[in-house]
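Peer 1: Next one to model:
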Amino acid sequence: MILIEIVELGRTQHPLTPEQGRALAASKIVSAAPSALDPGLWDITANGKVGVARVADLELWITPKLPIDRLLFLVGYVADPKGWQDETVNLDARDGLIPAIAQALWRQTERAIRQGLLQGYKTIEETSYVMRGRLREADQLRRHHGRVIPMELRHDDFTVDIPENQILLAALTRILTVARIDPDSRRRIGRLRARLADVTSLVRGSQLPTWQPSRLNQRYVPALRLAELVWRATSPEHTPGSIAATGFLFDLPKIFEDFVTVAVSERLHAAHGGLARPQFPCHLDDARAVTMYPDLVWMTDNRPAAVLDAKYKQEKPSGYPNADLYQLLAYCTTLGLRRGHLVYAKGNADATTHVVAGADVKIVCHALDLKLPPADLLDQVNQLTDAIAS
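Peer 2: Okay, here's the model as predicted:
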């Protein structure tokens, strides 16, 4: 196994065979291309994902620039709208991202099932010699041709084998397949899996069952959100194409976008009222043929009052180095707003203001310092939100 280590959004060169290089490029986890100057070397560029993945006989480690506890704080906002403001100080993140996520998962799961496993009703269809529930008459006639027994029955069971517990078990099982899980986490996850022994295990490649937050499963919600993240991060389907890539990968741009959207929405509701609409659908043209989805639109009196887009770093596609500004200008024009807001991660873009020539529109670029302690980062988000609302 060949080890390749790279920093988030960084670059490196590594000797690879043409087959290995093509496999890495096809995985889309990083960008890979043959070096123009050094035959046999490949230029490898990270694109925002962090974690570990295996592609063919290559093991790829992408290290986040953020301290692990800060990254977990952002992940907490993705997993739970209120974040994990009390969790970051309790997690031993010295060993890196993978052990820290494992710790977070078993902690949240332990907290969820501390009062016992959640139970619910599940509809079961079975063939039985004992009458229970309702007879499925059509199946009885088709399968048994008039015989009385066995019977085709349908009944409801009050059981722990419900979607919420299946999701927790699936994530706990999946995280154990990732390299470098610390021994303590493995023991605790093993005990949690034993408590979920009566729950159906999901086979690899299957989809997670659906669930809806409710009063009954409220104590499970943070653990379920994190479990879904772990499942997606460890799913081989996270990369397109025919190259099988396994491992654990977080998409930092998506995590940052979700953090900004959730944190700003909470502040807007609490301090300024109105309605925050994430992924707000609007149309660029009168024919409504081109649909756009700003990350967040703040509505007051049923009208757009502000628009925000979150970008972990500046997008600079070839030939369009200011694509973010063009995109936000389109949002402002369509929504009839004189000001739009771009929120970047500090270090990946600068805070500045652009006054659009020939249009009464300002585009304000903000930069959040993700390396700040959680309380200070949220203060920065509050200041940003108050500026947006004003």
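Peer 1: OK, contacts around T159?
Peer 2: Applying C-beta atoms under 8 Å, 6 or more residues apart in numbering to T159 gives the contacts 119-122, 198. C-beta here means a position set from N, CA and C on the backbone, and glycine is covered the same way.
Peer 1: Now it: phi and psi?
Peer 2: Dihedral angles of T159 (phi, psi; degrees, to the nearest 10) stand at phi -140, psi 160.
Peer 1: so how far is N165 from it?
Peer 2: 9 Å (C-beta to C-beta, to the nearest Å).
Peer 1: before we move on, what about R187?
Peer 2: 20 Å.
Peer 1: Those two: which has the busier surroundings?
Peer 2: For R187 versus N165, neighbours defined as other C-beta atoms under 10 Å are more numerous around N165 (25 against 11).
Peer 1: so which strand or helix has V343?
Peer 2: Assigned by DSSP states H and E, V343 belongs to strand 339-345.
Peer 1: Tell me the buried residues in the next helix or strand after that strand?
Peer 2: Proceeding C-terminally, strand 339-345 gives way to strand 352-355 as the next helix or strand, assigned by DSSP H and E. For strand 352-355, a neighbour-count test (16 or more other C-beta atoms under 10 Å) marks H354 as buried.
Peer 1: Give me the contacts around strand 352-355.
Peer 2: With contacts defined as C-beta under 8 Å, 6+ apart, strand 352-355 is touched by 325, 361-365.
Peer 1: Provide the secondary structure category for D43.
Peer 2: Look at D43: counting by DSSP: H, G, I helix; E, B strand; the rest coil, its state is strand.
Peer 1: Thought A25 was touching it, still the case?
Peer 2: No: counting by C-beta atoms under 8 Å, D43 does not reach A25; the two are 10.3 Å apart.
Peer 1: which residues are common contacts for these two?
Peer 2: Jointly contacting D43 and A25 under the rule C-beta under 8 Å, 6+ apart are 31-33.
Peer 1: Write the PyMOL selection for whichever of those residues are buried.
Peer 2: Buried residues within the shared contacts of D43 and A25, by 16+ other C-beta under 10 Å, are selected in PyMOL with:
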select buried, resi 32
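Peer 1: any idea which of the shared contacts of D43 and A25 is the one closest to G76?
Peer 2: G76 has its nearest neighbour among the shared contacts of D43 and A25 in S31, at 29.4 Å by C-beta to C-beta.
Peer 1: Contact partners for that closest one?
Peer 2: 25, 43-45, 47.
Peer 1: low-confidence ranges in the stretch 101-250 of the chain?
Peer 2: Counting by pLDDT under 70, the ranges of the stretch 101-250 of the chain that qualify are 155, 204-205, 235-246.
Peer 1: Please enumerate the strands of it.
Peer 2: For the stretch 101-250 of the chain, the strands defined by DSSP state E, counting those that start in this stretch cover 120-128, 134-135, 151-159, 245-251.
Peer 1: For L66, find the nearest of those strands.
Peer 2: Among the strands of the stretch 101-250 of the chain, strand 245-251 comes nearest to L66, with 10.8 Å by C-beta to C-beta.
Peer 1: Next SSE downstream of the closest one?
Peer 2: Reading on from strand 245-251 to the C-terminus, the next helix or strand found by DSSP H and E is helix 252-272.
Peer 1: Just the buried residues of that following helix, please?
Peer 2: 252-268, 272.
Peer 1: Pick out the most distant pair among the contacts of S31.
Peer 2: Largest separation among these by C-beta to C-beta: D43 and N47, giving 12.9 Å.
Peer 1: Compare neighbour counts for these two and give me the winner.
Peer 2: When neighbours are counted by other C-beta under 10 Å, D43 and N47 differ, and D43 comes out ahead with 18 against 15.
Peer 1: In contact with that one, which residues are there?
Peer 2: Contacts for D43 (C-beta under 8 Å, 6+ apart) come out as 11, 13, 31-35.
Peer 1: redo that, cut-off 10 Å
Peer 2: Contact partners of D43, counting by C-beta atoms under 10 Å, 6 or more residues apart in numbering, are 11-14, 21, 30-37.
Peer 1: Bridged to the nearest residue to I162 once chain neighbours are set aside, which residues?
Peer 2: Once flanking residues are discounted, I162 sits nearest to G120: 4.2 Å by C-beta to C-beta, 6 or more residues apart in numbering. G120 has these beta-bridge partners by DSSP bridges: T159.
Peer 1: residue closest to the middle of this protein?
Peer 2: Centroid check for the chain by C-alpha atoms, centre = their mean gives L229 as the closest residue, at 4.9 Å.
Peer 1: how much space is there between it and R186?
Peer 2: Separation of L229 from R186 (C-beta to C-beta) stands at 20 Å.
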